[in-house]
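A.B. asks: Make a model of this:
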Amino acid sequence: MDAAIATSPAPVEARLARRDAILAAVARTAERLSEPHPWESLVPDALRLLGDATGVSRVYIFEVERADGAEVVSQRFEWCAVGVKPQIENPELQSLPLEAAGFTRWAELLQKGEAIFGDVGDFPESERPLLESQEIKSLLVQPIFEGPRWWGFMGFDACAAVQSWERVEVDTLRIAALVLGSAINRQTRDEQLRETQKLEALGRMAGSVAHDFNNILMVIAGAMELLKGELETRGQRAMAHGQHAAMIDQALERAASLTRRLLDFSKRRAGAPQVVSPLDLLRRDEPLLRQAIGSKVRLRVVHGGDGRPIAPVRIDPTEFTQVVLNLAVNARDAMPKGGELVLDVSTVDAKDSPASFDLMPEGAWTLVRAIDCGEGMPPEVLAHAFEPFYTTKPPDRGTGLGLSTVHGIVSAAGGHIKVSSTVGRGTEFRVYLPAVGK
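C.D. replies: Purely as a prediction, here's the structure:
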């Protein structure tokens, strides 16, 4: 009897000690992830802290992406206890389609913000093979949200023995996932702010250069008028000189065109915003767009979304046409052998897809999607897509101002533009404009 009394508190003490360790590790993780460094560089230490406190075999982070309308996850980070086989190089855990792999339940619960935990032996049959192949006996998985968007999940695997999870431990470790999501969101917002500031500075510089350049062109153009007048008085004897003058005229025309594009980019030339229907404008501009993309590319203009009415937007109609025309030409150049360009118009709320995935601010947005099936852009090109003068086209086919001009017009209208692309599978530009009257 005495021996039983002496030994019975031990499990309770062990559980309390583990709770305290987890709480301390989560607090330390929150401190680390709040440091002013890229969150990716802070994650390894955070996973180590959480792994040591929970006593599990592995702690890891998966990121989720959408491909062809389905959730695909890939392992990005991992911490392993001594003697545990790492899984970070396991090809089965890269680009894993959750539903096709039998993890539909995971996708549904994690998107709702719910944790998944328990013994693998109690999990649905479709989930067990992949988990058992990694020698996992029990686990805990917490969702990670970047703002309103489901970004991925953090997992804790017990491989040495089955490990139970008390509700207080599940809730405490949920805090670690929330803190990581906040760190990712903060860095994303900071990067977007820096990019916007950089584009604004380049816009001011482009406007200044364009005005100075335009003044020089005016002087050259004036001198050309005097020269042409003098050549006309000399008649046929000056024919060769007249041809040279025509070449200078052509160069002046090209330079003037570049100046206009610089001014468009800098937004020094104010438009005349009106309340318009994007779908009506697209249908009006269809002949122009078809001419611009050529006969090899098919064009479809569709009313997408869930069928709800498309809200009007406030924008200069000419500038809207310029935005769509630039995106259409960009798609044409990405499909040299032909293909299809879809312009999809819908009105969405911030919580709807893809607005939630793009972290759009609260409110209603009219969305214009330009979707092609072209060559796509690698990440190193995608990162510079909206930078002025950045282009992968030959010098005679582009100045690198098209997408930066689009960015300037959309931003001036209070909107946002997002892009996603996969090499060999095409590109999608998403233009969000504030819905009027919503």
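A.B. asks: all contacts plus neighbour counts: C-alpha atoms, from now on.
C.D. replies: OK.
A.B. asks: helix, strand or coil for residue 357?
C.D. replies: coil (DSSP: H, G, I helix; E, B strand; the rest coil).
A.B. asks: How about the contacts made by it?
C.D. replies: Applying Cα atoms under 8 Å, 6 or more residues apart in numbering to residue 357 gives the contacts 148, 149, 150.
A.B. asks: just these now: which is nearest residue 29?
C.D. replies: residue 150 (20.5 Å; Cα to Cα).
A.B. asks: Distance to residue 187 and neighbour count added to the contacts of residue 357, as CSV?
C.D. replies: Shown next, in CSV, are those (distance: Cα to Cα, whole Å; neighbours: other Cα atoms under 10 Å):
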residue, distance to residue 187, neighbour count
148, 15, 20
149, 15, 21
150, 16, 21
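A.B. asks: Now, those that are in strands?
C.D. replies: 149, 150 (DSSP state E).
A.B. asks: out of the contacts of residue 357, which one sits closest to residue 381?
C.D. replies: Nearest member of the contacts of residue 357 to residue 381, counting by Cα to Cα, is residue 149, at 24.6 Å.
A.B. asks: What's the local residue count around the closest residue to residue 424 other than its chain neighbours?
C.D. replies: Once flanking residues are discounted, residue 424 sits nearest to residue 375: 4.7 Å by Cα to Cα, 6 or more residues apart in numbering. Using other Cα atoms under 10 Å, residue 375 is surrounded by 18 other residues.
A.B. asks: ok, and residue 375, which helix or strand is that part of?
C.D. replies: For residue 375, there is no host helix or strand (DSSP states H and E).
A.B. asks: Pretty sure it sits against residue 333.
C.D. replies: No - counting by Cα atoms under 8 Å, residue 375 sits too far from residue 333 to count as a contact (9.2 Å).
A.B. asks: Assign a three-state SS to the closest residue to residue 26 other than its chain neighbours, would you?
C.D. replies: Leaving aside its chain neighbours, residue 26 sits nearest to residue 176 (5.7 Å; criterion: Cα to Cα, 6+ apart). Of the three states, residue 176 takes helix under three-state DSSP.
A.B. asks: tell me the pLDDT at residue 176?
C.D. replies: Per-residue pLDDT puts residue 176 at 92.
A.B. asks: what sits against it?
C.D. replies: 26, 29, 30.
A.B. asks: Low-confidence ranges, this protein, go.
C.D. replies: Applying pLDDT under 70 to the chain flags residues 1-10, 68-69, 192-224, 227-228, 230-271, 305, 388-401, 438.
A.B. asks: Do a quick rundown of the helices in it.
C.D. replies: Using DSSP state H, the helices of the chain run over 2-7, 9-33, 39-54, 104-111, 128-133, 167-234, 239-266, 278-293, 317-334, 379-382, 402-412.
A.B. asks: Can you tell me which helices and strands the last one packs against?
C.D. replies: Using 3 or more Cα pairs under 8 Å, 6 or more residues apart in numbering; DSSP states H and E as the contact criterion, the elements in contact with helix 402-412 are helix 239-266, helix 317-334, strand 416-422, strand 426-434.
A.B. asks: which neighbours does the last one have in its sheet, and in what orientation?
C.D. replies: What that stands for is strand 426-434. strand 364-372 (antiparallel), strand 416-422 (antiparallel) (DSSP bridges).
A.B. asks: closest one to residue 34 among those?
C.D. replies: Using Cα to Cα, the strands paired with strand 426-434 put strand 416-422 closest to residue 34, at 27.0 Å.
A.B. asks: List the buried residues of stretch 407-416.
C.D. replies: Residues of stretch 407-416 classed as buried: 407, 408, 409, 410, 411, 413, 415, 416 (neighbour count, 16 or more other Cα atoms under 10 Å).
A.B. asks: And that stretch, end to end?
C.D. replies: 8 Å (Cα to Cα, to the nearest Å).
A.B. asks: tell me how far it is from the chain's mean position?
C.D. replies: Here stretch 407-416 is found 16 Å from its chain centre; the criterion is Cα atoms, centre = their mean, to the nearest Å.
A.B. asks: again, but for stretch 102-115
C.D. replies: With Cα atoms, centre = their mean as the basis, stretch 102-115 stands 23 Å off its chain's centre.
A.B. asks: what's the first-to-last distance across it?
C.D. replies: End residues of stretch 102-115 are separated by 17 Å (Cα to Cα).
A.B. asks: isn't residue 140 right next to residue 157, touching?
C.D. replies: Yes - the pair residue 140 / residue 157 is scored as a contact, 6.8 Å apart, by Cα under 8 Å.
A.B. asks: who has more neighbours, those two?
C.D. replies: residue 157 (26 against 21).
A.B. asks: what about the more buried one, distance to residue 113?
C.D. replies: Distance, residue 157 to residue 113, by Cα to Cα: 19 Å.
A.B. asks: Give me the distance between residue 33 and residue 366.
C.D. replies: From residue 33 to residue 366 the distance is 35 Å (Cα to Cα).
A.B. asks: So this protein: which segments form each domain?
C.D. replies: As given by automatic domain parsing, the domain ranges for the chain are 2-191, 270-438.
A.B. asks: can you redo the contacts of residue 176 as a markdown table with distance to residue 62?
C.D. replies: Formatted as a markdown table, the contacts of residue 176 follow (distance: Cα to Cα, whole Å):
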| residue | distance to residue 62 |
| --- | --- |
| 26 | 19 |
| 29 | 18 |
| 30 | 19 |
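A.B. asks: Can you tell me which of those comes closest to residue 317?
C.D. replies: residue 30 (48.1 Å).
A.B. asks: rewinding a little: between the buried residues of stretch 407-416, which is closest to residue 107?
C.D. replies: Residue 107 has its nearest neighbour among those in residue 416, at 28.1 Å by Cα to Cα.
A.B. asks: Kindly state the beta-bridge partners for that closest one.
C.D. replies: residue 432.
A.B. asks: which residues sit in contact with the residue nearest to residue 424?
C.D. replies: Contacts of residue 375 (Cα under 8 Å, 6+ apart): 334, 335, 423, 424, 425, 426, 427.
A.B. asks: Pick out whichever of these sits closest to residue 181.
C.D. replies: So of those, ranked by how close each gets to residue 181 (Cα to Cα), first place is residue 427, at 26.7 Å.
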